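> What follows is a predicted structure for the sequence shown.
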Amino acid sequence: MTTQPHNSRTAWLTLLLAGVFEIGYALSVGGSHGFSVWSWSIVAVVFFLLTLWALSLALRTIDVSIGYAVWAGIGAVGAALLGPVFFDETLTPAKTGWLAVIIGGVVWLKLADRPEPSVRARESACTEG
């Protein structure tokens with residue numbers, strides 16, 4: 001089994017997994033109460049290592065500027081949506097609106113990662129000839 005994403009789709013799935021690990025990290029840091037609850041602190045460290053590992057694999061294929069922004073956006077949105085579920089937090093209409101802006105930004109970054117049609121055509125011509 002290889003640990004390096006070999007194509008764009010695998011890299012994006014790895015980045016999504018890194019985002020899920022980031023959500024787990026953010027929530028477990030909240031549960032650790034400043035790393036004073038050892039069980040939550042250990043979980044936080046594990047999620048931290050997992051998110052960095054998965055992010056580093058994804059960034060072998062995805063541009064750092066796009067990958068990091070998407071990863072941070074997934075973590076921010078996930079923590080904001082799950083914070084009220086696990087902790088005494090509220091999700092106000094204003095927060096919901098700004099989360100929508102983050103989600104929209106992540107979608108546009110993903111779309112921006114696609115090569116333009118002329119670039120794809122040149123790459124195809126180079127590999128065929």
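Great, that's in hand.
> What lies in contact with the longest helix seen in the chain?
Ranked by number of residues, the top helix in the chain under DSSP state H is helix 8-32. Residues from elsewhere that reach helix 8-32 (CB atoms under 8 Å, 6 or more residues apart in numbering): 5, 35, 37, 40-41, 43-44, 47-48, 50-51, 53-55, 57-58, 60-62, 67, 70-75, 78-79, 82-83, 86-87, 110, 113. In this view, the C-beta of every residue, glycine as well, is placed from N, C-alpha and C.
> In that helix, which residues are buried?
11-12, 14-15, 17-30, 32 (16 or more other CB atoms under 10 Å).
> Would you point out which residue is most central in this structure?
Trp71 (2.4 Å; CA atoms, centre = their mean).
> Show the contacting residues for that residue.
Leu15, Ala18, Gly19, Glu22, Thr51, Leu55, Ala58.
> if we go to 6 Å?
Residues near Trp71 by CB atoms under 6 Å, 6 or more residues apart in numbering: Ala18, Gly19, Leu55.
> Please apply the same query to Trp40.
Ser28, Gly31, Ser32.
> Phe35 now?
Neighbouring residues of Phe35 by CB under 6 Å, 6+ apart: Ser41.
> which SSE is it in?
Under the criterion DSSP states H and E, no helix or strand holds Phe35.
> How about the backbone phi and psi for it?
For Phe35, the backbone dihedrals are phi 60, psi 30 (criterion: degrees, to the nearest 10).
> From Ile23, how far out is it?
For Phe35, the distance to Ile23 (CB to CB, to the nearest Å) stands at 18 Å.
> State the pLDDT value of the residue nearest to the centre of the chain.
On pLDDT, Trp71 comes in at 95.
> Also Arg122?
60.
> before we move on, what about Ser65?
At Ser65, the pLDDT recorded in the model is 88.
> Please, where are all the strands along this protein?
With DSSP state E as the definition, the chain shows no strands.
> Where does pLDDT dip in it?
Along the chain, the parts satisfying pLDDT under 70 run over 1-6, 118-129.
> if you set the cut-off to 90 instead, what comes out?
The model of the chain has pLDDT under 90 over residues 1-8, 65, 103, 105-129.
> From the structure, what's the count of residues near Leu111?
By other CB atoms under 10 Å, 8 other residues sit near Leu111.
> Appreciated, that's everything.
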